[in-house]
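Engineer: everything below, folded, please.
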Amino acid sequence: MVFNIRQKQSEAVQKLLNLNTALNPNKDPGEQYKVLVLDRFSRDIIAPLFRLNDLRRHGVTLHLSLEADRQAIPDVPAIYLVQPLPQHVDRIVSDAAAGLYETMHLNFTTSLPSRLLEQMAVGAVRAGASQRVAKVYDQYLSFVALEPTLFTLGLPNAYVELNDPAAKDSQIEAAVQSVVDGLFSVCVTLGVVPLIRCPCGGAAEHVAGQLDQKLRDALKARNNLFAEGMLGLSASLSRPLLCLFDRNYDLAAALQQPWTYKPMVHDVLAMHLNRIQLAPRNNLFAEGMLGLSASLSRPLLCLFDRNYDLAAALQQPWTYKPMVHDVLAMHLNRIQLAPELSTTGPTASSQC
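Structural biologist: Predicted structure coming up:
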């Protein structure tokens with residue numbers, strides 16, 4: 001059984017951008033203009049999956065930050081993709097009360113708790129803006145898909161929160177719940193109910209127990225989130241295996257890396273969300289190594305997940321230099337010869 005977590009998440013986001021309706025091959029999804037409102041975490045979800053041109057093909061003319069002050073655009077629908085947090089619910093209610101958009105399609109990265117749903121409903125009714133909220137969806141997208149077989153939960157402080165001796169029980173429980181929500185989102189996106197294995201004791205067992213209970217509750221619910229939950233024996237014979245380990249079990253594994261260029265780029269150039277950004281004056285590739293001019297007027301942004309030649313080159317071992325050198329030279333030359341073709345990304349910087 002082969003899973004492509006990146007493709008599955010991309011398809012889920014495409015459906016979200018189509019106002020949660022199935023994509024019609026005979027209809028251009030860009031015919032209806034929309035505004036996309038994201039919080040910080042959901043921006044990280046979207047960034048590895050879509051460029052600005054990809055969003056435009058789905059009718060998204062603007063992508064805005066939930067936390068920023070925004071002007072009213074009353075003639076277009078707005079698609080929200082945010083975490084289910086109290087401050088986000090308050091901001092959504094204030095947007096509805098201010099009439100910023102014609103309709104609001106609310107999508108949450110995980111299940112919206114009942115108390116927050118009630119809080120949002122009461123606030124919208126009191127503001128007389130309940131008619132602006134078109135739909136509310138639980139999307140289960142609380143993870144970042146970097147590669148077809150690689151994802152991250154986007155929790156850089158999880159290890160510290162789970163192992164801090166001064167942490168309160170409520171803080172540890174919140175950290176465990178964040179991990180459980182992320183793994184549950186992965187299972188829902190893939191449409192599978194895995195077999196869970198973990199060592200006894202520690203955070204791994206705690207996470208596994210809560211995840212197991214959440215999967216059981218989802219299978220018993222009226223609206224079953226898993227297609228395999230109703231297939232009987234045939235589904236149980238093809239269930240994947242999910243192994244959870246505590247990082248304390250083997251600390252050295254986090255420091256080990258293969259002898260390829262990608263881990264080196266990740267460590268040296270601070271790769272984040274499959275991209276690196278090099279300032280014009282500190283461009284390591286512009287002079288010396290490739291003999292190119294360093295007269296870039298904007299930062300150089302390299303998207304390794306979007307360029308298959310560059311991604312393949314980074315998988316080569318350190319001893320294999322010709323292919324990597326040629327690929328980097330080709331793309332840097334393309335940027336300098338045709339800079340107008342390199343401004344289609346989500347930031348005002350050149351891309352390769």
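
Engineer: could you give the average pLDDT over stretch 124-134?
Structural biologist: The average pLDDT within stretch 124-134 is 93.

Engineer: could you do stretch 58-77 as well?
Structural biologist: Here the average pLDDT along stretch 58-77 is 92.

Engineer: try stretch 175-189
Structural biologist: What stretch 175-189 shows for mean pLDDT is 95.

Engineer: next, the buried residues of that stretch.
Structural biologist: The neighbour-count check on stretch 175-189 (16 or more other Cβ atoms under 10 Å) flags 175-176, 178-189 as buried. C-beta here means a position set from N, CA and C on the backbone, and glycine is covered the same way.

Engineer: off-centre distance for it?
Structural biologist: Distance of stretch 175-189 from the chain centroid (Cα atoms, centre = their mean, to the nearest Å) equals 13 Å.

Engineer: go on, stretch 128-145?
Structural biologist: 16 Å.

Engineer: okay, that stretch in CSV with CA atoms only?
Structural biologist: Provided in CSV are the C-alpha atoms of stretch 128-145 (Å, rounded to 0.1, in the frame of the first residue of the first chain):
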residue,chain,number,x,y,z
GLY,A,128,-26.7,40.7,13.3
ALA,A,129,-24.2,39.1,10.9
SER,A,130,-25.2,35.4,11.0
GLN,A,131,-26.3,35.5,7.4
ARG,A,132,-22.7,36.1,6.3
VAL,A,133,-21.5,32.8,7.6
ALA,A,134,-22.2,30.4,4.7
LYS,A,135,-20.7,27.1,6.0
VAL,A,136,-18.5,25.8,8.7
TYR,A,137,-16.2,22.8,8.0
ASP,A,138,-13.8,20.6,9.9
GLN,A,139,-11.0,20.0,7.4
TYR,A,140,-8.5,17.9,9.4
LEU,A,141,-5.4,19.5,7.8
SER,A,142,-3.3,20.0,10.9
PHE,A,143,0.0,19.0,9.4
VAL,A,144,2.5,20.2,6.7
ALA,A,145,3.1,17.8,3.8
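
Engineer: am I right that G209 is in a strand?
Structural biologist: No - counting by DSSP: H, G, I helix; E, B strand; the rest coil, G209 is not part of a strand but helix.

Engineer: which one of the buried residues of stretch 175-189 is nearest to L255?
Structural biologist: Proximity of the buried residues of stretch 175-189 to L255 (Cβ to Cβ) peaks at V179, which lies at 21.6 Å.

Engineer: what helix or strand is that closest one on?
Structural biologist: Following DSSP states H and E, the helix or strand that holds V179 is helix 169-190.

Engineer: who touches that helix?
Structural biologist: Helix 169-190 is contacted from outside by 3, 5, 8-9, 12, 109-111, 140-143, 151, 153-155, 158, 161-162, 164, 193-194, 203, 206-207, 210-211, 214-215, 218, 225-226, 242, using Cβ atoms under 8 Å, 6 or more residues apart in numbering.

Engineer: which of those are buried?
Structural biologist: 5, 8-9, 12, 109-111, 140-143, 151, 153-155, 158, 161-162, 193-194, 203, 206-207, 210-211, 214-215, 218, 225-226, 242.

Engineer: G202 and V176, how far apart?
Structural biologist: The gap separating G202 from V176 is 11 Å, by Cβ to Cβ, to the nearest Å.

Engineer: kindly report the same for L19.
Structural biologist: Counting by Cβ to Cβ, the gap from L19 to V176 is 34 Å.

Engineer: before we move on, what about Y249?
Structural biologist: 17 Å.

Engineer: center of the protein - which residue?
Structural biologist: With distances taken as Cα atoms, centre = their mean, the chain has I45 as the residue nearest its mean C-alpha position (1.7 Å).

Engineer: wait, is that one part of a helix?
Structural biologist: Yes - applying three-state DSSP, one finds I45 inside a helix.
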